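Undergrad: sequence-free structure coming up:
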Ligand code: ARG
């Protein structure tokens, strides 16, 4: 469907032309003074320069030409040359009625669907998920859903960190703890045990211990390094341990992501790229892109137009160990071979921006990726605690994601029990849904690149700009609908009718903007726009609800139209919520 803005622009373009001016000046935006107008066009200001006339004269001439159009309730030229517009209630109601029947509320899905890789999650095997991984999961899941809703073919990949130093650290520490395991006996010729030599809780103890040791004990660090290298070179006993680590760790990761209602099409990792790393390096050398620098192999990626220094991309260290960039590049080689993506979106901590600038440039320079393929880095900021520093446990340690979710759920459950509106058998499910909404909306209501403060009290509040508040509005609407159904047997199939009050019109106006919001959120890879929109829609509904006694309305025709309007509101809110990966409970 064409957006309202486009329809107004079309009408104004014709008016500009009739008045003797170029159509291109018919640019329309939402009014920044909602008290004065709903939409505005500032084109007369720009036209004035070209035609050497006063802007107000041009605006007035255009208004004269446009004023017969039934879509406008009010159209006027104001000094120094703005055109202010209000829609006619009839036109608006018909438009809302049309989008009510349209697929995805009038969304213009992709004409040429792209294949899009969304690389997010980025969990590191054998390390518990911590809050740093939360943002990638939450933002990435939403990006994935938005792309898919737009009709694109989306492949999400968790791209686990499963090939780096942490593996060597674990192997080395395991050898300290259990030196008699067959993996550490060079003469062992039998089959390695099927059973892992550790449980998940042991593993979670092994890694931090090893990591600490490596920082304090150089010899230990050196051994861990060697073990990593040996693993990467395919040393069978270490490969066997590696497989155990994966087998123990992945189910635990899955459980955590399931709890967040976050999922991936592919559970691949850096290790999967390993077979393509050497050929990639050879290719880079053959093309004359990679050269030696201090014993390492690098690719220059600086460009003349750079305003800051972009250092060369390191593709092989002097000891031959695989590097982060090499594994990302090799992964791209594989993705090209397998999926031919039109677009890549990486959702990773913004501190890794330089890494991705380098990787993207090498990909294009080496012709691994076509010049027209979009490579987007969506870097996110830090999640801070109330004290302004990075989010920590009360003891000052790194907060595990599980505990963070538990804290939120505890706060939510307490609130739900206080309010006493949720039947006992729904409390668990409701707590989960509301807790997730608190976390996800709390994150996604901020622009991804910004740091934000994780505030349990604020995020779990049922009022204000929060996820639970949005859910609450939907629950409220559903409860009105249920009562109507109880009284009249079924919901009416009444059309949206011309608004009779400012709040009713306000709600209709916001409803018309869902499609454009999603299109923008996709085009700009900006899920926070969905949250912004939900907040506006919830506000508009609340305004309408407070002013109209929907169930007490005496005029049955008006009441039916009200029901259609709020039902549409709930459906749009539902769709928006699903784009950020949350849903409303039955009761709240
Ligand atoms: N495992 C990495 C980390 O924890 C994040 C991976 C991001 N994705 C990528 N393709 N490099 O820092």
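TA: Everything's here; your move. No experiment lies behind these values; they were computed from the predicted model shown. Residues are numbered from 1 along each chain as shown.

Undergrad: contacts, neighbours, all on C-alpha from now
TA: Fine.

Undergrad: for residue 521, which three-state class applies?
TA: Using DSSP: H, G, I helix; E, B strand; the rest coil, the secondary structure recorded for residue 521 is helix.

Undergrad: next up, the contacts around it.
TA: 146, 527, 528, 529, 530 (C-alpha atoms under 8 Å, 6 or more residues apart in numbering).

Undergrad: per-residue pLDDT, it?
TA: On pLDDT, residue 521 comes in at 98.

Undergrad: the nearest residue in space to residue 36 that is not next to it in sequence: helix or strand, and which one exactly?
TA: Here the nearest residue to residue 36 in space, its sequence neighbours aside, is residue 84; by C-alpha to C-alpha, 6 or more residues apart in numbering that works out to 7.5 Å. Residue 84 is part of strand 82-87, with elements assigned from DSSP states H and E.

Undergrad: equivalent analysis for residue 375, please.
TA: Using DSSP H and E, residue 375 maps to strand 374-380.

Undergrad: now check that strand, is it near the ligand?
TA: No - if you take C-alpha under 6 Å from any ligand atom as the test, strand 374-380 misses the ligand, and the best it gets is 10.0 Å.

Undergrad: oh, and call the first residue 20 from now on, that's how I've got it
TA: I'll keep to 20 as the first residue from here, and by that count the last item is strand 393-399.

Undergrad: tell me how far that strand is from the chain's mean position?
TA: In this view, strand 393-399 has its centroid 11 Å away from the chain centroid, taken as C-alpha atoms, centre = their mean, to the nearest Å.

Undergrad: also stretch 598-606?
TA: 16 Å.

Undergrad: ends of stretch 176-193, what's the gap?
TA: By C-alpha to C-alpha, to the nearest Å, the extent of stretch 176-193 from end to end equals 30 Å.

Undergrad: what does stretch 78-91 give?
TA: 15 Å.

Undergrad: what residues does it touch?
TA: 30-31, 34-35, 37-38, 63, 93-97, 100-102, 104-107, 109-111.

Undergrad: repeat that for stretch 124-133.
TA: With contacts defined as C-alpha under 8 Å, 6+ apart, stretch 124-133 is touched by 20-21, 118-119, 168-172, 360-362, 533-535, 537-538, 591.

Undergrad: of the contacts of stretch 78-91, list those near the ligand.
TA: Within the contacts of stretch 78-91, nothing lies near the ligand by C-alpha under 6 Å from any ligand atom.

Undergrad: which of these are buried?
TA: 30-31, 34-35, 37-38, 63, 94-96, 100-102, 104-107, 109-111 (16 or more other C-alpha atoms under 10 Å).

Undergrad: strands along this structure, start to end?
TA: 47-49, 58-60, 91-97, 101-106, 134-138, 172-176, 309-312, 315-318, 332-335, 362-368, 393-399, 402-403, 471-472 (DSSP state E).

Undergrad: wait, which of these is closest to residue 585?
TA: For residue 585, the closest of those is strand 101-106, at 20.5 Å, according to C-alpha to C-alpha.

Undergrad: partners of the closest one, with directions?
TA: Using DSSP bridges, the strands paired with strand 101-106 are strand 58-60 (antiparallel), strand 91-97 (antiparallel).

Undergrad: looking at those strands, spot the one closest to residue 255.
TA: Judging the strands paired with strand 101-106 by C-alpha to C-alpha, what sits closest to residue 255 is strand 58-60, at 68.2 Å.

Undergrad: number of nearby residues for residue 391?
TA: Per other C-alpha atoms under 10 Å, the neighbour tally for residue 391 reads 9.

Undergrad: list the contacts of it.
TA: Residue 391 neighbours (C-alpha under 8 Å, 6+ apart): residue 361.

Undergrad: do you know the pLDDT at it?
TA: 98.

Undergrad: tell me how far it lies from the ligand.
TA: Look at residue 391 and the ligand: by C-alpha to the nearest ligand atom, to the nearest Å, they are 20 Å apart.
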